[in-house]
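Novice: sequence below, structure please.
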Amino acid sequence: MVHGYYAIDLDIVGDTVKQDIPKVLDLIPKFRRDVELFRLKTLNS
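Specialist: Model (predicted):
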């Protein structure tokens, strides 16, 4: 019973990850720019 529950849960997680990976990959360059800008602002202040 417990094993079946986890199998279903992992299927849901797998589907969610497949849907969200492209969104996350699109955000990485924006996130890196934000981090770099923050780093430059903190170093220059």
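Novice: what about this structure, any weak spots by pLDDT?
Specialist: Low-confidence regions of the chain, defined by pLDDT under 70, span residues 1-8.
Novice: now the helices for it?
Specialist: Assigned by DSSP state H, the chain shows helices spanning 2-44.
Novice: check the gap between the residue most central in space within it and residue 16 for me.
Specialist: For the chain, the residue nearest the mean C-alpha position is residue 24 (4.8 Å; Cα atoms, centre = their mean). Noted for residue 24: a distance of 11 Å to residue 16, by Cβ to Cβ, to the nearest Å. C-betas here are computed from N, CA, C, even on glycine.
Novice: tell me the gap between stretch 11-22 and the middle of its chain.
Specialist: Averaging C-alpha coordinates over stretch 11-22 and over its chain gives two centres that are 11 Å apart (Cα atoms, centre = their mean, to the nearest Å).
Novice: got it, and stretch 29-45?
Specialist: 19 Å.
Novice: now do the buried residues in it.
Specialist: Neighbour-count burial for stretch 29-45 flags no residue at all (criterion: 16 or more other Cβ atoms under 10 Å).
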